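S.K.: Below is the sequence, then the predicted model.
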Amino acid sequence: AIDTPPLVEGSPSSVCYVNIPQDQVLDVRDTPSGDNVVSSLENGTDVAIVDQQQTWVFIKLIDPNNPPDNLGWVLQDYIQCGSDPQ
C-alpha cells in the first residue's frame, strides 16, 4: 500500500468538500473559534485546506470559474476529504 502524503496546498489530495447535516450552512470565521462570521457555505461546496489549528482548518474555495478564494476558518468535523479513511 502506498502511504498518502499529508495534505499539501495545491496537491490533488487537498480537494475536500463541506459535509454538514441537510438544511444547514457552514459558518466560516475570520479566526479559529472566532465570533466574526465572514461567510457561509452550503453542503457539497468544494474547498481546499490551507492551514490547520487543532480542530479548526483554514480553507479556500475551489471554483473552476474563479481563482482560489481564501475564505477563513471552519470546524474540521464539517470538512470531508477524499483521502480520509472514514
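M.R.: Thanks, I have the structure now.
S.K.: And the contacts of stretch 39-53?
M.R.: Residues outside stretch 39-53 that contact it (C-beta atoms under 8 Å, 6 or more residues apart in numbering) are 7, 9-10, 14-20, 22, 24-28, 32, 57-63, 68, 70-74, 76, 79, 81. C-beta coordinates here come from the backbone N, C-alpha and C atoms, glycine included.
S.K.: Output the helix or strand of the chain at the bottom of the mean pLDDT ranking as PDB, restricted to C-alpha atoms.
M.R.: Lowest mean confidence among the helices and strands of the chain (mean pLDDT, DSSP states H and E): strand 69-75, at a mean of 88. What follows is strand 69-75, C-alpha atoms only, in PDB (Å, rounded to 0.1, in the frame of the first residue of the first chain):
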ATOM      1  CA  ASP A  69     -10.600  32.500  -2.800                       C
ATOM      2  CA  ASN A  70      -9.200  32.300   0.700                       C
ATOM      3  CA  LEU A  71     -12.300  32.200   3.000                       C
ATOM      4  CA  GLY A  72     -11.500  31.600   6.600                       C
ATOM      5  CA  TRP A  73     -11.700  29.100   9.400                       C
ATOM      6  CA  VAL A  74     -14.200  26.200   9.800                       C
ATOM      7  CA  LEU A  75     -14.500  23.200  12.100                       C
END
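S.K.: Packing partners of it?
M.R.: strand 26-29, strand 37-41, strand 46-53, strand 56-61 (3 or more C-beta pairs under 8 Å, 6 or more residues apart in numbering; DSSP states H and E).
S.K.: What pairs with whichever helix or strand comes after that strand, parallel or antiparallel?
M.R.: Per DSSP states H and E, strand 69-75 leads on to strand 79-81 as the next helix or strand towards the C-terminus. Its sheet considered, strand 79-81 pairs with strand 15-18 (antiparallel) by DSSP bridges.
S.K.: quick one: low-confidence ranges for the chain?
M.R.: Judged by pLDDT under 70, the chain has its weakly predicted residues at 1-14, 64, 67-68, 83-86.
S.K.: Go again with 90.
M.R.: Applying pLDDT under 90 to the chain picks out residues 1-15, 22, 61-71, 82-86.
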